[in-house]
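[1] The following block contains a protein sequence and its predicted model.
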Amino acid sequence: MKKYLCLFILLILMSCTSLTASEKKVTQIEAKTISSQIMQVTEELKDAASSNEYNKLKEVFLPTFKNNIIVKKMQEYDLSGLTFVFSDVNVVSKNKANSIMVVNFATASNYYKLTWKKTNDNTWKISNVAEKK
């Protein structure tokens, strides 16, 4: 009976402990390098939008069905009059990050949640755009 009681207590203790490896956590140095890489991409996006270079804009997005629709809709408008503002990057993991994009036109502002993913060729691209309400 003591064996079963000890086994039961041992199982409870094991289930309460976290055995997750620390490799999923991102160090501050890695977070800063990821942030700087994403900020470079956002600067490229701003430059492409101000000069209406839609091919460069298309390169910033991952080629998903939703993103292809977004890029096609963007091609219908003159983006040179818009102002793009990006928040600081929230690094989730080594391959994923989040940020907020604000698009200003005259007195109107639209907010979007961006999800960034690192591709196989070590470039950061927007994988998801969601309107922030």
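    Structure's in. What do you need?
[2] residues touching the closest residue to Ile126 other than its chain neighbours, list them.
    Once flanking residues are discounted, Ile126 sits nearest to Phe61: 4.9 Å by CB to CB, 6 or more residues apart in numbering. From N, CA and C alone the C-beta is placed, and that goes for glycine too. Neighbour list for Phe61: Asn67, Asn68, Ile70, Val71, Lys125, Ile126 [criterion: CB atoms under 8 Å, 6 or more residues apart in numbering].
[3] Among these, name the ones in strands.
    Counted as lying in strands by DSSP state E, out of those, are Lys125, Ile126.
[4] Now find how far off-centre stretch 98-115 is within its chain.
    14 Å (CA atoms, centre = their mean, to the nearest Å).
[5] how about that stretch as PDB, C-alpha atoms only?
    What follows is stretch 98-115, C-alpha atoms only, in PDB (Å, rounded to 0.1, in the frame of the first residue of the first chain):
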ATOM      1  CA  ASN A  98       3.800  39.900 -33.600                       C
ATOM      2  CA  SER A  99       3.500  43.700 -34.100                       C
ATOM      3  CA  ILE A 100       0.800  46.300 -34.800                       C
ATOM      4  CA  MET A 101       0.600  48.300 -38.000                       C
ATOM      5  CA  VAL A 102      -1.200  51.600 -38.100                       C
ATOM      6  CA  VAL A 103      -2.300  53.000 -41.500                       C
ATOM      7  CA  ASN A 104      -3.100  56.700 -41.500                       C
ATOM      8  CA  PHE A 105      -4.900  58.500 -44.200                       C
ATOM      9  CA  ALA A 106      -5.800  62.200 -43.500                       C
ATOM     10  CA  THR A 107      -7.600  61.900 -40.200                       C
ATOM     11  CA  ALA A 108      -8.500  58.200 -40.300                       C
ATOM     12  CA  SER A 109      -6.400  55.500 -38.800                       C
ATOM     13  CA  ASN A 110      -6.800  51.700 -39.100                       C
ATOM     14  CA  TYR A 111      -5.000  49.300 -36.800                       C
ATOM     15  CA  TYR A 112      -3.900  45.800 -37.800                       C
ATOM     16  CA  LYS A 113      -2.300  43.000 -35.900                       C
ATOM     17  CA  LEU A 114       0.600  41.500 -37.900                       C
ATOM     18  CA  THR A 115       2.000  38.000 -37.400                       C
END
